[in-house]
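*Asks:* below are the sequence and a predicted model; questions follow.
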Amino acid sequence: MTAVLHKLFIIISCVMLFSCTGSNVMQGGDSALLGSNLSYIDVDSDVESDFNSAVVLIQQEKYSQAIDVLKSVIEREQRLPAPYVNLAIAYNRSGNSKEAEANLISALKLDIGDPVANNELGLLYRKAGKFKAAHTAYSNAIRQHPDYLPAKRNLGVLCDLYMHDYQCALEQYEAYLEQKPDDSTVAIWIADVKSRLDK
């Protein structure tokens, strides 16, 4: 993997949504998980520079400008899911869920197991009330990347609060907590789910 490609995928994590309630919580480091089919892609330095600029624009909540830059990036580089995912995030934050969904699907056509794209799609579907579709998206992320914590947490929340499948919720919360034992919030959720299962 080239250093440029690795950097490009690390940067996407700066704008990844990690949410169980719909609020935007910035997390780092999760999107470095790549599909093996993408490991030999070399990215032009101008494309990388524009991608970096778009990330900054998203962080500054300048979504319209970020969208323009990311569209330009995609015109020049269509082999990577990261620009599509970031474009989807920019669209979603600007209130255009239809374009967000379309770009996440484009990202998944390049890498069906992309954890960030699947997690974002799951969040989008959950918000739209498409719970089975959200379940599938989160499950795809977990199947391909079992250590990807945002999808495990979000699938647990979906099963718990929206689908009332408490066994599924318990499994996801426990798997999440096994990898992140210091998360006291999820520990509380586990106790709550267990109490409901015991009734």
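*Replies:* Okay, I see it.

*Asks:* using PDB, write down the CA coordinates of the helix or strand where Tyr91 lies.
*Replies:* Assigned by DSSP states H and E, Tyr91 falls within helix 81-93. Only the C-alpha atoms of helix 81-93 are listed here, as PDB (Å, rounded to 0.1, in the frame of the first residue of the first chain):
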ATOM      1  CA  PRO A  81     -14.700   4.600  -1.600                       C
ATOM      2  CA  ALA A  82     -13.400   7.300   0.700                       C
ATOM      3  CA  PRO A  83     -14.300  10.300  -1.500                       C
ATOM      4  CA  TYR A  84     -17.800   8.900  -2.000                       C
ATOM      5  CA  VAL A  85     -18.200   8.400   1.800                       C
ATOM      6  CA  ASN A  86     -17.100  11.900   2.600                       C
ATOM      7  CA  LEU A  87     -19.400  13.300  -0.100                       C
ATOM      8  CA  ALA A  88     -22.200  11.300   1.500                       C
ATOM      9  CA  ILE A  89     -21.400  12.800   4.900                       C
ATOM     10  CA  ALA A  90     -21.400  16.300   3.500                       C
ATOM     11  CA  TYR A  91     -24.700  15.700   1.700                       C
ATOM     12  CA  ASN A  92     -26.200  14.200   4.900                       C
ATOM     13  CA  ARG A  93     -25.100  17.000   7.100                       C
END
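
*Asks:* quick one, helices of this structure?
*Replies:* Using DSSP state H, the helices found in the chain span residues 3-12, 45-59, 63-76, 81-93, 97-110, 115-127, 131-144, 149-157, 166-179, 184-198.

*Asks:* tell me which residues of the last one are tucked away?
*Replies:* The reference is to helix 184-198. Val186, Trp189, Ile190, Val193 (16 or more other Cβ atoms under 10 Å). (C-beta placed from N, C-alpha, C; glycine too.)
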